Every structure is written in C-alpha cells, then in structure tokens.
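Undergrad: okay, predicted coordinates and the sequence, questions at the end:
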Amino acid sequence: MITPADIAAWCCRHRKQLDELAKGHAREQAELQKENMVLEAGLERLCDNADDAVDLLPRGDPLRPRMRLTLIRGFTSEQVRQRFAPAFSSFHLTHAQPREPNADAAHFVAEYALLRQYFEQYPRGSKHNYRVVNCTRQQFYDRYCDFHTRASPQTEPLSQASVRRYMEGFHWRFEKHPLFCPYCDSLHNLEAMEDRTAAQDMEMARLLAHQRLYLKQREYYHATLQEMVDAEDTNRVVAVQDFSTFFIDKGAIPVLIVTLYTYDPVALDHLMRKYCYIMPTTDRTRPRMKNNTAFVAAAWNKLFATEYTFTDMQWNRLDIFSDGGPKHFKTTAHVHYWCRVKQQLGHDHTIRYTFFAPHHGENVCDAASHHAQTVQRSYEADHGPLRVNEDFGNLEQLGASREFFFIERPAARYLRKFKTLAGIKQYFVMQFIDWRTVRCWGSAQELDRAGTERVLRA
C-alpha cells in the first residue's frame, strides 16, 4: 500500500529531476542564444561584405547566382531587402529567389579565362603585386582584341566596359612611356608606313616637331638643375608642380604637389628636395574646392607665406616646371597670377615658367604622391582610417623633407574669367616682367633669342 510518505518521496525525487531538466534546458537555451549571437554577428559581417564577395567573381560566372542563393537561403524576400539592400541589385531585392545561372555562363567563363591569359603578358613589378603597362588604356584594349582574335577567332572579344570592370580586381600601373603619348604613338605608326601621302608627310613633320620639343624641354629641365649645382647658386629655387588626388573614406581631395630643389653642398648630388603637399582644410560647409588656377594661386600664396625655402632663404630666382594643364597651369589667369607675384617681389627677383611638352610631364610629383599615399595606407592599417584632411599632417613616417600645407579657400581673384592671352598654347617658356608684361618663347631651344613680349589685357 502506497503511503503519503512514499508519494512525498516520489514527488521530491522527480522534482529534483525536473529541476535538473529545467536547469539543463536553461543552459541549452543560453548556449543557443550565444550561438545565435555569434551567428548574427557573422551574418552582419557577411552582409556588410556581400557585394565584395560576389564581385570577386566576373560577371557571367555561374558561381555568382549560386553565391547569392547561398547568402539569402532561409530568408524571406522582405528580410533580403532589409539585410542585403546595400549589396544586391534591384532584381534580387524584388524576387524571392534569383534566377538560375545564365545558359551562356560557360561561354563567359571561357572568355574571362582568355582575358586572364592576356593579363599574364604584362609582368608584375619587382617586389610588387601590380602589373606594369606602358601604353594607353585604349591601346591596352586594342591589343586584347588582337590577342583574342588570334586565340579564339570563332568568338567575339569582351566589351571594353567589361574588360575595365574586370581589371579592377587586379593591381595595375600605367607607366609614362614614349608610346603613352598619342602624338608619339602616331609618329611611330607613320614611320612604319612605306608609302605615305602628302597629308601624312605634313602630319609626320608636325609630330617630329613635337618630339623635338619633348626632348628639348626635358633636357632644359635637367640642365637647369645642373646649372644651379655647377654655379653653387644658393639663391635659386627650382620647382616642379603637379596635381594629384588623395582619398579619405572614398572622398576625393585635390592636392597640389610642389617639389622644391635648392643647392645643398652636403648632399651627394648637391640638391636638397622639399616635397610640399597643399590641400584644402576640412570644411564640409564649403563647396568642394577644385583643382583650378584659383587653387594654385592660393597654394603658392601659402608657400610664400609659410614655407622655409621662401621665408628664410635669400632667394632671387624661381624656375617653375609643370605640364601644360589647360584647366589650372597653362591658363591666362595663371599668367596673371605670376605677373602679380613678380610685381610684388620687385625687379630683384626673376621668375621663369617652363611647360613640358604635352603628355610628357616630369613624374617627380607622381612619385611624391605615391609615397604619401603608401604611408597613409600603412598608418590606416595600424590605427584606423584618417577622418579629416588635417590628419595627413600627423603622418610621422613621411619624413622631414615632406610637409602638408592647408588652405581654407581658393584665391577668389582668379575665379573670374580673364581676357584670353591669344596664342598661349604655342608658348612653352614664359618669363614675367611686370604686372602685365610677359616674355614668351616657343621652346627652351629659343632662349638665346629675345623672345616675344606680350602684354596682358585688363
């Protein structure tokens, strides 16, 4: 006979089992919740990088739709919109399931495999992961078409847009090279022709003149530096300037790079180099500054006011070299600016401006730009991304010879339109006389002549 004591003992024993089961269930729930949190964090990271993961594959690759299927499996179309909206196309946001792989996907895979074979023709730089190309992008694509025709004459090559998109998955360096210039490239093609028409002979004469100009302007640049060294001239400054673009959080920042050379009796080549990077201050209420003549004028005003080379050295001659950028350098406004600087400095100072031949600018500023951006990437890898423009001035790895300067606004005087200096394109050397007079030469080879004196119109 079951007594009340037996019932009580049985209840006590099973209550302990129930308590143990409840505790076990609570532990399992906690573990499950923890795993869900880990999975949720992993999913968030996956969502953040979903577009990167898919874009690693070329368009037309059969794995692209399969990868999307894997990423969204188990989610409703509404959840797909919420979680994957930044990463997926409008088609995948409005359909519960993506389409199956395109029937032509295998064809595209073969085409991209052929494109990769073409890429292999361009060697990687020493100790670098980029491929070196010494032609224009249009020539690069034309050569691909020729390669494709020889390798697979029964199919059409990929479009230029497809090739350029696929190139973004690789690292490239398009180096300046004689054939990088379209004029020199045309000359090369004409020289290879056996029978030329009279018009082609005239064009060839014009292109030969361009090549002579390119050589003379480059020789004059090196001769100017050597002349300063040979004369041990401590009162002379040689400047090379060019524009570049830096980035903070994908926001483009125009940067004027000015490389200053002065005589240094201690250096091995007797040249001291100072690399100046001039960029706008961080002011999101101000319209984005453009790389125009007003920017150049504000940048040089900043250098004249704060750069040691101009504030502490007893300089009396400035030779400036740059390309003939029609937007910011070879402009009437720019000539007005240097005439004004000449007037302010007085007759004791000489300022001469030399333009390199088209498509043959000096790349010392390109190297300075590459160095600064390499230091930026190294810093961001250790400390996180830069947040404001002024953070560039705190990059200690740049070294003492490199300095950042910041301007608040462009020089408003040079935003207005000036009356054009007729024939400015034909001049490649200018010397500024006073506030409205400039002496011009067609090339450095003509400097032994008097030059053409031009008066700027008000």
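TA: Done, it's in.
Undergrad: so where do the helices sit in this protein?
TA: Counting by DSSP state H, the chain has these helices, from start to end: 4-48, 50-55, 63-72, 77-84, 90-93, 105-119, 137-151, 160-167, 182-191, 198-230, 293-306, 308-311, 332-345, 364-383.
Undergrad: okay, those in CSV with mean neighbour count next?
TA: The C-beta positions use only the backbone N, C-alpha and C, and glycine is treated the same way. As requested, those are exported to CSV (neighbours: other Cβ atoms under 10 Å):
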stretch, mean neighbour count
helix 4-48, 10
helix 50-55, 15
helix 63-72, 17
helix 77-84, 15
helix 90-93, 14
helix 105-119, 15
helix 137-151, 15
helix 160-167, 15
helix 182-191, 16
helix 198-230, 15
helix 293-306, 20
helix 308-311, 14
helix 332-345, 19
helix 364-383, 15
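Undergrad: got TSV for these, with mean pLDDT too?
TA: Below are the helices of the chain laid out as TSV (pLDDT from 0 to 100):
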stretch	mean pLDDT
helix 4-48	71
helix 50-55	52
helix 63-72	59
helix 77-84	56
helix 90-93	40
helix 105-119	77
helix 137-151	86
helix 160-167	82
helix 182-191	80
helix 198-230	91
helix 293-306	94
helix 308-311	89
helix 332-345	94
helix 364-383	87
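Undergrad: save those as CSV, and put in distance to D434 too.
TA: Output for the helices of the chain, formatted as CSV (distance: least, Cβ to Cβ, whole Å):
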stretch, distance to D434
helix 4-48, 61
helix 50-55, 58
helix 63-72, 66
helix 77-84, 66
helix 90-93, 62
helix 105-119, 56
helix 137-151, 44
helix 160-167, 49
helix 182-191, 35
helix 198-230, 23
helix 293-306, 18
helix 308-311, 20
helix 332-345, 6
helix 364-383, 30
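Undergrad: ok, which of the ones you listed comes nearest L421?
TA: helix 332-345 (4.6 Å; Cβ to Cβ).
Undergrad: next one: the closest one to chain centre, how far?
TA: Its chain's average C-alpha position is 30 Å from that of helix 332-345, according to Cα atoms, centre = their mean, to the nearest Å.
Undergrad: what helices or strands is it leaning on?
TA: In terms of contacts (3 or more Cβ pairs under 8 Å, 6 or more residues apart in numbering; DSSP states H and E), helix 332-345 is packed against helix 293-306, strand 350-355, strand 429-432, strand 437-441.
Undergrad: what angle do it and helix 293-306 make?
TA: With axes from the mean of the first three to the mean of the last three Cα atoms, to 10 degrees applied, the angle from helix 332-345 to helix 293-306 works out at 20 degrees.
Undergrad: turn the helices and strands packed on helix 332-345 into TSV, columns for distance to P326.
TA: Shown next, in TSV, are the helices and strands packed on helix 332-345 (distance: least, Cβ to Cβ, whole Å):
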stretch	distance to P326
helix 293-306	10
strand 350-355	11
strand 429-432	15
strand 437-441	16
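Undergrad: before we move on, the earlier item: and of the helices of the chain, who's closest to C440?
TA: Nearest of these to C440, taken as Cβ to Cβ: helix 332-345 at 9.4 Å.
Undergrad: quick one: buried residues of stretch 307-323?
TA: For stretch 307-323, the neighbour count (16 or more other Cβ atoms under 10 Å) marks 307, 309, 315, 318-323 as buried.
Undergrad: should've said stretch 413-433
TA: Applying 16+ other Cβ under 10 Å to stretch 413-433 flags 414, 418, 421, 424, 427-433 as buried.
Undergrad: can I get stretch 143-152 in PDB, CA atoms only?
TA: Extracted in PDB, the C-alpha atoms of stretch 143-152 (Å, rounded to 0.1, in the frame of the first residue of the first chain):
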ATOM      1  CA  ARG A 143      45.900  44.700 -78.000                       C
ATOM      2  CA  TYR A 144      43.500  42.500 -76.100                       C
ATOM      3  CA  CYS A 145      41.100  42.400 -79.100                       C
ATOM      4  CA  ASP A 146      44.100  41.300 -81.300                       C
ATOM      5  CA  PHE A 147      45.100  38.700 -78.800                       C
ATOM      6  CA  HIS A 148      41.500  37.400 -78.600                       C
ATOM      7  CA  THR A 149      41.200  37.200 -82.400                       C
ATOM      8  CA  ARG A 150      44.300  35.100 -82.600                       C
ATOM      9  CA  ALA A 151      43.400  32.800 -79.700                       C
ATOM     10  CA  SER A 152      39.700  32.400 -80.400                       C
END
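Undergrad: switch the buried residues of stretch 413-433 over to TSV; also include pLDDT and distance to R124.
TA: Listed next are the buried residues of stretch 413-433 as TSV, based on pLDDT from 0 to 100; distance: Cβ to Cβ, whole Å:
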residue	pLDDT	distance to R124
Y414	90	44
F418	89	47
L421	90	46
I424	90	42
Y427	92	42
F428	92	37
V429	94	40
M430	95	42
Q431	95	45
F432	95	46
I433	93	51
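Undergrad: much appreciated, bye for now.
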